[in-house]
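Novice: For reference, the sequence and a predicted model appear below.
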Amino acid sequence: MSAEAAVELARTTRAGVGYWVASLRSMLRFDLARARQWAAMMLIIQILMGVGMALIYGFFYPRVSHQTALLITTGTPTLALIPLGFVMVPASVGQQKLEGTFDFTWSLPVPRSAQAVSTFLLFTVLSLPGAVLALVVSAWHYGVTLSVSPQLLPALVLSAVMAVSVGFGMALIIANPLLTNLITNALMFVVLLFTPIVFPASHLPEWLFAVDRALPFYNMAEVIRAGLTTGLVTDLASAYLILSGWTVAGWAMTAWVVGRRR
Amino acid sequence: MAAKPDMTAIAAPQPVATLRRGVPYWLESYWALTRWHLAGLRMWVMLLVVIQIMAGAGFVLGIGLFFAHIPPVAALYVCTGVPVINLIMIGMILGPQLVAQQKLQQSYDFVRSMPVPQTAAALAWYTVCLLAGLPAVVVSLLIAEARYGIALTVSPAIVPAVLLTAFTGTMIGYGLGHAVPNPMVTQLVTQLLVFAIFGFTPILFPAWQLPHWLATLNWWFPFEHMAVIVRAGLTAGLVTGIASSYLIVAVWAVIGSAAATWALGRRG
């Protein structure tokens, strides 16, 4: 009797590629179901931010020349992706931490790497429609004709993955959600004013441009602009390289926090 | 009091002997509440002043990068507009957020229960906002002068302009904070307001750079007019229609105060 009454151990192995893929699929379903509550709202905020910023930049110029209009329009997808990755993703993690959902999710019998990948996939996919819509509205407003090339797709995807990864990594590595909130807001302010996303880099002092070249934001704008115009952007290889570097850094931050035991 | 108190005398509640009205009581309440706010927010106020100074400097320096060579008029608008943003931000944005926070922490009812005339409370809050806003105004102006080499002609008109602008901003914020019951709504509204004030009102740039309908709409709101009256105190010959601007800003001060009075007069 006593042998039969003993709790039966789970027969499935919780390891291996098959288990990881199955976990990823469950996590995606779980995350998607949760996203239904806020995905529409996020899309709206993202479009408003992207389009709003594109309009606001235009107001500052007494006369919007064709060159200015082209720069603002091609900067719009970047303006729509940055708040999503660097503000909304950290804010969502912060809220989950405050509510305790974060610890609950971590306690699920799923590899945490699968959880992170699921989050990255979800936010990347969700961020793209907003970026494209903001671009369309901006191009219509400024009456700019764009020459869209196939390299727009990898540019947008890499930019989105990078923004989500760094935003998520940052939210994990900084323990206090309030501090994360402060940092992301300050970051937005500095980026919108001091990064050449919608104005030529030649306006910046050299040292500031050097800083911007190392940070991801200017490079996002460059690779996306290269997919929308011809002959405006040079030195694409280094921009892609730096963006990839930041993506890996975001993953490394995530892996470091996720891999620790508390 | 009798030397040997009997039971009944002790049990009877003693009415308060001081009168809770009159000018001295009002002044005393005003002073007490100003000190209360400054003491309670001392860390916050310092942090706010620093953030405001950094934000003001950021605007002044950052907007110059939009242009290869910034036109003098654009520079003048930015220099004289940033102090207005500084003045509006504290009273109009942080005021309501503070009230929202008090509501979430449930200290709101306690603060309201204090035996202080409402006007004294409102003016104490205005004083705090003004004190917290002024350093950033001065620093922004100094940085703007240094960066763009603009000679400002400061006239005495700057004093009423700054006082009224801060008052109207604070009163709108005060009304908003007290009249909107849900703190989350307050947060959302103030965040939208920041975005709208910064980008869609002609404070940092002339009104004619906006689409016509938006410029018309802005005429009904106080923000453009706040910029006009402050600009009139800092420059010579740049702005016109100062009297009507003063009037509109004053009307909005009344609207904000009325909303606050209504919200505070309600019995919950």
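Specialist: Good, I have the coordinates. Numbers count the residues shown, from 1 in each chain, chains lettered A, B, ... in the order given.
Novice: neighbours of the closest residue to chain A within the stretch 51-200 of chain B, just the number please.
Specialist: Residue of the stretch 51-200 of chain B nearest chain A, by CB to the nearest CB: B:Gly62 (2.9 Å). Backbone N, C-alpha and C define where each C-beta goes, glycine included. Residues lying near B:Gly62 (other CB atoms under 10 Å in any protein chain shown) number 16.
Novice: tell me which element it falls in.
Specialist: For B:Gly62, the element it lies in under DSSP states H and E is helix B:42-63.
Novice: what helices or strands is the next helix-or-strand element following that helix leaning on?
Specialist: Counting by DSSP H and E, the element after helix B:42-63 in chain order, helix or strand, is helix B:72-88. Identification of packing neighbours for helix B:72-88 by 3 or more CB pairs under 8 Å, 6 or more residues apart in numbering or on different chains; DSSP states H and E yields helix B:42-63, helix B:118-148, helix B:158-179, helix B:183-200, helix B:222-234.
Novice: Turn the ones you listed into a markdown table, including distance to A:Leu133 and mean pLDDT.
Specialist: As requested, the helices and strands packed on helix B:72-88 are exported to a markdown table (distance: least, CB to CB, whole Å; pLDDT from 0 to 100):
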| stretch | distance to A:Leu133 | mean pLDDT |
| --- | --- | --- |
| helix B:42-63 | 27 | 88 |
| helix B:118-148 | 36 | 91 |
| helix B:158-179 | 31 | 92 |
| helix B:183-200 | 18 | 85 |
| helix B:222-234 | 29 | 93 |
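Novice: Any chance of a markdown table for those, columns distance to A:Ala221?
Specialist: Converted to a markdown table, the helices and strands packed on helix B:72-88 look like this (distance: least, CB to CB, whole Å):
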| stretch | distance to A:Ala221 |
| --- | --- |
| helix B:42-63 | 16 |
| helix B:118-148 | 25 |
| helix B:158-179 | 35 |
| helix B:183-200 | 19 |
| helix B:222-234 | 30 |
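Novice: A:Thr68 is nearest to which of those helices?
Specialist: With CB to CB as the criterion, A:Thr68 lies closest to helix B:42-63 of the helices and strands packed on helix B:72-88, at 14.2 Å.
Novice: quick one: that closest one to chain centroid distance?
Specialist: 15 Å (CA atoms, centre = their mean, to the nearest Å).
Novice: among the helices and strands packed on helix B:72-88, which is nearest A:Val21?
Specialist: Nearest to A:Val21 among the helices and strands packed on helix B:72-88 is helix B:183-200; the distance by CB to CB comes to 39.4 Å.
Novice: What is that closest one packed up against?
Specialist: helix A:39-59, helix B:72-88, helix B:95-105, helix B:158-179.
Novice: same for the longest one, what does it pack against?
Specialist: Yep, that's helix B:158-179 we're talking about. Packed next to helix B:158-179, using 3+ CB pairs under 8 Å, 6+ apart, are helix B:72-88, helix B:95-105, helix B:118-148, helix B:183-200, helix B:222-234, helix B:242-265.
Novice: Adding mean neighbour count and distance to A:Tyr61, write those out as a markdown table.
Specialist: Output for the helices and strands packed on helix B:158-179, formatted as a markdown table (neighbours: other CB atoms under 10 Å in any protein chain shown; distance: least, CB to CB, whole Å):
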| stretch | mean neighbour count | distance to A:Tyr61 |
| --- | --- | --- |
| helix B:72-88 | 24 | 8 |
| helix B:95-105 | 19 | 32 |
| helix B:118-148 | 20 | 17 |
| helix B:183-200 | 16 | 13 |
| helix B:222-234 | 25 | 18 |
| helix B:242-265 | 17 | 25 |
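Novice: Just tell me which of those ends up closest to A:Met49.
Specialist: Ranked by CB to CB, the member of the helices and strands packed on helix B:158-179 that lies closest to A:Met49 is helix B:183-200, at 8.2 Å.
Novice: Following the closest one in sequence, what is the next regular element?
Specialist: Next element after helix B:183-200 (DSSP H and E): helix B:212-219.
Novice: rewinding a little: now the helices and strands packed on helix B:183-200 in CSV, with distance to B:Ala132?
Specialist: Below are those laid out as CSV (distance: least, CB to CB, whole Å):
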stretch, distance to B:Ala132
helix A:39-59, 26
helix B:72-88, 10
helix B:95-105, 10
helix B:158-179, 10
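Novice: Quick check: the spatially closest residue to B:Gly56 that is not a sequence neighbour vs A:Ser118, distance?
Specialist: Nearest residue to B:Gly56 in three dimensions, chain neighbours excluded: B:Ser140, at 3.5 Å (CB to CB, 6 or more residues apart in numbering or on different chains). Noted for B:Ser140: a distance of 46 Å to A:Ser118, by CB to CB, to the nearest Å.
Novice: swap in A:Ile174?
Specialist: A:Ile174 is 22 Å from A:Ser118, by CB to CB.
Novice: host element of the closest residue to chain B within the stretch 51-200 of chain A?
Specialist: Nearest to chain B, among the residues of the stretch 51-200 of chain A, is A:Leu193, at 2.9 Å (CB to the nearest CB). Per DSSP H and E, A:Leu193 falls inside helix A:177-194.
Novice: Mind giving me the packing neighbours of that helix?
Specialist: Going by 3+ CB pairs under 8 Å, 6+ apart, helix A:177-194 lies up against helix A:66-83, helix A:89-99, helix A:152-173, helix B:42-63.
Novice: now with 10 Å?
Specialist: Contact here means 3 or more CB pairs under 10 Å, 6 or more residues apart in numbering or on different chains; DSSP states H and E; on that basis helix A:177-194 packs against helix A:39-59, helix A:66-83, helix A:89-99, helix A:152-173, helix A:206-214, helix A:216-226, helix B:42-63.
Novice: quick one, it and helix A:39-59 angle?
Specialist: 30 degrees (axes from the mean of the first three to the mean of the last three CA atoms, to 10 degrees).
Novice: Chain B against chain A: which residues are in contact?
Specialist: Counting by CB under 10 Å from any CB of the partner chain, chain B comes close to chain A at B:47, B:51, B:54-55, B:58-71, B:73-74, B:77-78, B:192, B:195-196, B:198-202, B:204-211, B:214.
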